[in-house]
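Participant: build the 3D model from these lines:
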Amino acid sequence: MIRFGLVSELGTGENAGYARVHFDDMDFVSDWLALPSIATKTAKQWIPVEVNSQVGCIIDEDTQQGFIAIAVWSDSDTPPEWAGENTIGMQFADGAEIYYDSESHTLTVNAPDSELNLKCKSLNVKGEVNIKGETNIEGETKIKGDTSVTGEITATKEVTAGAMQIKLTLHKHPTPAGVSGPPTP
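Facilitator: Next comes the predicted model:
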């Protein structure tokens, strides 16, 4: 039997991955029901369902055994603004979101109040890389924070800097009169 209800409690400890559901039509709270997941063996997916989320449950007539099959949209719980027939993604409780639009071929990560960490053996980027600041009301571009590199930067082509397009291979510091050779530290 399929029943709809609201998650009333999320399990922790030995009940992690389970929730209790309140069925309004019966004024009854279920025992622990398994939360939905698409992978639970060696590959694992974890997306917790929140308390008060509307869910569809497959449960026996005595409401003793069953599971939460899916969380469902309602008048108050609606899809994110970017949702559409060509997008797939996730929006988090703090507003951060990650989604892919197959029509525009764009992967978007919006995490303005979050820290983004990548940890890997090697990060390879093919394509143009742009680092942009934020534009304030006056139209000025402001970079928030510093950019730092702790290792070497190697360029296989000419590197230019600034609005004057200074080329690093051609840029020379003038030698003061009477001084020859590199400066002494």
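Participant: quick one: the strands in the chain?
Facilitator: Counting by DSSP state E, residue ranges of the strands within the chain are 2-10, 18-23, 28-29, 33-34, 54-59, 66-71, 87-91, 97-101, 106-110, 134-135, 141-142, 160-161, 166-167.
Participant: need those in CSV (columns: mean pLDDT, mean neighbour count and distance to Lys41).
Facilitator: Where you see a C-beta, it was placed from the backbone N, CA and C, and this is true even at glycine. Formatted as CSV, the strands of the chain follow (pLDDT from 0 to 100; neighbours: other CB atoms under 10 Å; distance: least, CB to CB, whole Å):
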stretch, mean pLDDT, mean neighbour count, distance to Lys41
strand 2-10, 95, 17, 22
strand 18-23, 95, 20, 17
strand 28-29, 92, 13, 30
strand 33-34, 94, 19, 14
strand 54-59, 94, 19, 21
strand 66-71, 92, 17, 16
strand 87-91, 93, 14, 21
strand 97-101, 95, 15, 24
strand 106-110, 94, 12, 27
strand 134-135, 65, 10, 43
strand 141-142, 60, 9, 48
strand 160-161, 76, 12, 52
strand 166-167, 74, 11, 56
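Participant: and those strands: which comes nearest Thr40?
Facilitator: strand 33-34 (9.1 Å; CB to CB).
Participant: chain center to that closest one: distance?
Facilitator: Chain-centre distance of strand 33-34: 27 Å, with CA atoms, centre = their mean, to the nearest Å.
Participant: ok, now stretch 27-38?
Facilitator: 27 Å.
Participant: again, but for stretch 49-67
Facilitator: With CA atoms, centre = their mean, you get 28 Å for stretch 49-67.
Participant: distance check, Leu6 against His105.
Facilitator: Using CB to CB, to the nearest Å, Leu6 is found at 38 Å from His105.
Participant: same check, this time on Lys157
Facilitator: Applying CB to CB to Lys157 and His105 gives a distance of 26 Å.
Participant: which one's more surrounded, those two?
Facilitator: Each of Lys157 and His105 has its neighbours counted (other CB atoms under 10 Å); His105 has more, 8 against 5.
Participant: how confident is the prediction for that one, by pLDDT?
Facilitator: On pLDDT, His105 comes in at 96.
Participant: what of Val72?
Facilitator: The model reports Val72 with a pLDDT of 91.
Participant: now do Thr42
Facilitator: So, for Thr42, pLDDT stands at 90.
Participant: could you do Ser37 as well?
Facilitator: 86.
Participant: neighbours of it, just the number please.
Facilitator: Going by other CB under 10 Å, the residues that sit close to Ser37 add up to 12.
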